[in-house]
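Novice: Provided below are the primary sequence and the corresponding predicted coordinates.
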Amino acid sequence: SGYGTRLRRQIQLAPVLLKTNLRIPALYVYSLQFHHVACVKYRHKALNEIIAKKLKSINLDAAKAFGVEIIEQETAIDHIHISFPVSPDTAFKISKQLKLCIRKVIIPRVS
């Protein structure tokens, strides 16, 4: 009722807004894309093809656990880029958990 209903009705009537990736919870509208970059310590050249493939798999599993869809992830020899949409209240929690997952799985295997 009230403002939230009017806002939803206005958004439903605006076809331009429907084509964007807007998230519409109860009383606010947002489209927040999070770009996470994880670098290897001292930027050593450590992400070969096998490790990069495993790292991407870990990221997909972690994203699934948080209910997040990864839009894009690319690896270079010393870092990885991950882009995903998040809600404003969970952005930094997800980033922190991604770092922890990477450390727990990759570091013991590299050492």
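Specialist: That came through, no problem.
Novice: and K53, which of the three is it?
Specialist: The three-state assignment at K53 reads helix, by DSSP: H, G, I helix; E, B strand; the rest coil.
Novice: count of neighbours near it?
Specialist: Neighbour count for K53, taken as other C-beta atoms under 10 Å: 12. C-betas here are computed from N, CA, C, even on glycine.
Novice: Tell me the pLDDT of it.
Specialist: Per-residue pLDDT puts K53 at 90.
Novice: Equivalent analysis for R23, please.
Specialist: For R23, pLDDT reads 63.
Novice: Same check on E49?
Specialist: Looking at E49, its pLDDT reads 90.
Novice: Got phi/psi on it?
Specialist: Note on E49: its backbone torsions stand at phi -60, psi -40 [degrees, to the nearest 10].
Novice: could you pull out the strands for the protein?
Specialist: Ranges of strands in the chain, per DSSP state E, are 32-39, 72-75, 79-86.
Novice: for L55, what are its contacts?
Specialist: For L55, the contact set (C-beta atoms under 8 Å, 6 or more residues apart in numbering) comprises 47, 75, 80, 102, 106.
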